[in-house]
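1. below: sequence and its predicted model.
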Amino acid sequence: MKKILMPLLAVVFMTSCGMESMTDTQPNQNLENNLLLKNGFTAQEESSSLTDLNSARVQVTDQYTILGTMSEGLATGFILNEGVPALITASGEVGFYFAGLGDPATPNGRPDAGSFNGFPVVSLVARVGGGDLQFVGTGPTQLTGSGEVVFYVNDSFFGDNSGSWNIQIAYECYHGPGYWKTHSEFGPAQYDETWALLSNGASTPFYLSGSTWLQVFNTAPARNAYYQLAHHFMAAKLNVLSGADPSAVSAELNAAEAQLNTYTPAQVAALPMNSPVRAQMLALASNLDNYNNSLSSQGSCN
């Protein structure tokens, strides 16, 4: 599989931190550790693998090849999120019967030769998760459902097949904390102009933290729920400023902002592990992280 990343030029219909001590089993620890692991934290900071993009929304195209002889189908590892569709196109020829490529089928199949599974024989079909087969063809086709996408050659006998189809899955991807902290006016990656929509860019004061947005991004959360919430809150806010729909998480954004306007990092750090305030901050952080991931078929392109 090969991935191609490019700036979004047209509308596309879509879709680890150091573990804490195992002797500390206070409430919320699993949630906290999961957040740290998902953020990619080691000792000090997270990392970003997409350092050459200048947009919070990116078109990503994954490419696959399915051989005509693949009787078990092609498991892509691509996880489709419900409600965040991906656009699929395909090309190439698969030969069937004894004539081989002398009697080819495009991904649309050969309806003149009959049907199988309710679709033209030797057509490209797919299954999402444990769902029903869906016709793909040459596309562009938008699959529905949630789970791994598996492609199939819609045939009942594969011994005389030949050739292959090339498949492309295109989807939109939004960014997580790792991207945003490296794409401000201070670099090191190329500047993302979404930062300019804040009152003073990355130097905008971040609530009661005594630090700027960028300084908060550069502060490893460790065991402090304040920073865990802040990182996912800032990523979500910047994604919204770049065009993401905030409706699914507006309540969480408002609740997080209220917490950040009430407590300082030092106050949150001093809270007991079973504090309701701390629990709420971790829950909000988890919900905002899920929101950032749900904006993309594959999760946030951090």
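-> Alright, I've got the coordinates.

2. now do the helices in the stretch 151-300 of the chain.
-> 177-182, 213-217, 225-241, 250-260, 265-269, 276-294 (DSSP state H, counting those that start in this stretch).

3. quick one: closest of those to residue 167.
-> Nearest to residue 167 among these is helix 276-294; the distance by Cβ to Cβ comes to 23.8 Å. Any C-beta I mention is one placed from the backbone N, CA and C, and that applies to glycine too.

4. for that closest one, packing partners?
-> Applying 3 or more Cβ pairs under 8 Å, 6 or more residues apart in numbering; DSSP states H and E, one finds that helix 276-294 contacts helix 29-39, helix 225-241, helix 250-260, helix 265-269.

5. out of the ones you listed, nearest to residue 144?
-> Going by Cβ to Cβ, the one of the helices and strands packed on helix 276-294 nearest residue 144 is helix 225-241, 23.8 Å.

6. now for that closest one, which elements pack on it?
-> helix 29-39, helix 177-182, helix 213-217, helix 250-260, helix 265-269, helix 276-294.

7. in JSON lines: those helices, plus mean neighbour count, mean pLDDT and distance to residue 189.
-> Converted to JSON lines, these look like this (neighbours: other Cβ atoms under 10 Å; pLDDT from 0 to 100; distance: least, Cβ to Cβ, whole Å):
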{"stretch": "helix 29-39", "mean neighbour count": "18", "mean pLDDT": "47", "distance to residue 189": "18"}
{"stretch": "helix 177-182", "mean neighbour count": "25", "mean pLDDT": "87", "distance to residue 189": "4"}
{"stretch": "helix 213-217", "mean neighbour count": "22", "mean pLDDT": "97", "distance to residue 189": "13"}
{"stretch": "helix 250-260", "mean neighbour count": "17", "mean pLDDT": "96", "distance to residue 189": "25"}
{"stretch": "helix 265-269", "mean neighbour count": "17", "mean pLDDT": "97", "distance to residue 189": "26"}
{"stretch": "helix 276-294", "mean neighbour count": "20", "mean pLDDT": "90", "distance to residue 189": "18"}
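
8. in JSON lines, list the ones you listed along with distance to residue 107.
-> JSON lines is the format used below for the helices and strands packed on helix 225-241 (distance: least, Cβ to Cβ, whole Å):
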{"stretch": "helix 29-39", "distance to residue 107": "36"}
{"stretch": "helix 177-182", "distance to residue 107": "34"}
{"stretch": "helix 213-217", "distance to residue 107": "44"}
{"stretch": "helix 250-260", "distance to residue 107": "41"}
{"stretch": "helix 265-269", "distance to residue 107": "54"}
{"stretch": "helix 276-294", "distance to residue 107": "29"}
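
9. only the buried residues of the lengthiest strand in the chain, if you could.
-> Looking across the chain with DSSP state E, the single longest strand is strand 162-173. Neighbour-count burial for strand 162-173, counted by 16 or more other Cβ atoms under 10 Å, picks out 162, 163, 164, 165, 167, 168, 169, 170, 171, 172, 173.
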